[in-house]
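In: starting from these lines, generate the structure:
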Amino acid sequence: MNQKKTCPHPQSRIEVRPTTVPVRRLCTRALRLLRAHGLCDAALQTVYRGVVVARLLYAANAWRGFTTAADRQRIEGFLRRGVRAGYSRADEPTAAQLVEDSDDQLFHRIQYNNIFYGCMS
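Out: You can find the predicted model right below:
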């Protein structure tokens, strides 16, 4: 995601600006600082999952369709580097699995939400 992506529809003016590079730099420094100050590995992994992974995959249900295979490989590579650095466990789900789970949860919430059904009838 090294360039600004635009929606394929010609009348659309929506621009998706990539944020992985600034997030990577900022979070890597912060995680190194936390580790240097003695934060245990379990807490460090919780911070990584709660901040880095959450920010990286925020609203992925909406923007995933606009990414290329290369973009998705970069995201997976970023998460693999987190495993190598010890910020995440190797058995954590991949970005594709996390987005798929998020899609399933969203669909389930819409399907069984009584307020939503009230609006539709």
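In: show residues contacting stretch 30-39.
Out: 44, 47-48, 52, 85, 87 (CB atoms under 8 Å, 6 or more residues apart in numbering). Where you see a C-beta, it was placed from the backbone N, CA and C, and this is true even at glycine.
In: please report phi then psi for the residue nearest the centre of the chain.
Out: For the chain, residue 57 is the residue whose C-alpha lies nearest the centre (CA atoms, centre = their mean; 1.5 Å). With angles defined as degrees, to the nearest 10, residue 57 sits at phi -100, psi 10.
In: list the residues that contact the nearest residue to it once chain neighbours are set aside.
Out: In space, residue 57 comes closest to residue 98 once its chain neighbours are excluded; the distance is 5.7 Å by CB to CB, 6 or more residues apart in numbering. Counting by CB under 8 Å, 6+ apart, residue 98 touches 53, 57, 60.
In: kindly report the same for residue 72.
Out: Contacts of residue 72 (CB under 8 Å, 6+ apart): 64, 95-96.
In: Three-state assignment for it, please.
Out: Under the three-state scheme (DSSP: H, G, I helix; E, B strand; the rest coil), residue 72 adopts helix.
In: what does the helix or strand where residue 47 lies rub up against?
Out: Secondary structure assigned from DSSP states H and E places residue 47 in helix 41-47. The contact list for helix 41-47, computed with CB under 8 Å, 6+ apart, reads 31, 34-35, 39, 86-89.
In: so which of the residues you listed comes closest to residue 80?
Out: residue 88 (8.9 Å; CB to CB).
In: cool, thanks, talk later.
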